[in-house]
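Enquirer: This is a predicted model, with the sequence first.
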Amino acid sequence: MSATEMPATEGDATGILVSTKIFPLAFLLLLFKTNVSIDGVTSVLKWGDHSFAVPPGMHEVSVSFRYLFSSQMGRASLRVEVVPGQTTTVLYRSPFLVFMGGSMKVVGA
């Protein structure tokens with residue numbers, strides 16, 4: 001089943017909220033877009049918060065960003081469990097150096 005981006009609202013149904021943040025001194029990354037992939041379905045998005053409607057269960061979330069000649073810099077992946085009727089929040093932080101991997105963690109369910 002594919003993940004679809006949905007607007008964030010107060011009464012979100014089952015889904016995943018992916019929050020992408022940059023390392024403060026790497027502000028130039030704001031000029032480039034992120035690749036947010038859930039279960040192999042990739043969306044090219046600006047940095048920030050993005051909600052995806054997904055069914056309950058385990059999902060593979062992967063985030064990277066486009067930088068100069070590469071489309072997969074700072075890649076990080078995480079398996080996330082989504083509980084029915086809740087939104088699971090995943091935080092991605094860009095690396096200190098663009099050639100390193102980013103970090104991801106679940107910050108809320």
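Expert: All right, it came through fine. Predicted, not measured: the structure shown is a model, and the values here were computed from it.

Enquirer: looking at the protein, which helix or strand is least sure?
Expert: Ranked by mean pLDDT, DSSP states H and E, the weakest helix or strand in the chain is strand 4-6, scoring a mean of 52.

Enquirer: Show the subsequent helix or strand relative to that one.
Expert: Next along the chain after strand 4-6, taking DSSP states H and E as the criterion, comes strand 15-21.

Enquirer: For the next helix or strand after that following strand, the averaged confidence score.
Expert: Elements were assigned by DSSP H and E; along the chain past strand 15-21, the next helix or strand is strand 34-38. Here strand 34-38 scores 95 as its mean pLDDT.

Enquirer: how big is the angle separating strand 34-38 from strand 15-21?
Expert: The directions of strand 34-38 and strand 15-21 differ by 160 degrees, with axes from the mean of the first three to the mean of the last three Cα atoms, to 10 degrees as the criterion.

Enquirer: Please export the C-alpha coordinates of strand 34-38 as PDB.
Expert: Extracted as PDB, the C-alpha positions of strand 34-38 are listed here (Å, rounded to 0.1, in the frame of the first residue of the first chain):
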ATOM      1  CA  THR A  34      14.600  16.000   0.800                       C
ATOM      2  CA  ASN A  35      13.600  12.500  -0.300                       C
ATOM      3  CA  VAL A  36      11.200  11.000   2.100                       C
ATOM      4  CA  SER A  37      10.500   7.300   1.300                       C
ATOM      5  CA  ILE A  38       7.900   5.200   3.100                       C
END
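
Enquirer: for the closest residue to Ser103 other than its chain neighbours, what are its contacts?
Expert: Of all residues beyond its chain neighbours, the one nearest Ser103 is Arg93 (5.0 Å), with distances taken as Cβ to Cβ, 6 or more residues apart in numbering. In short, each C-beta sits where N, CA and C put it, glycine included. Contacts were defined as Cβ atoms under 8 Å, 6 or more residues apart in numbering; by that measure Arg93 touches Lys21, Ile22, Phe23, Gly102, Ser103, Met104.
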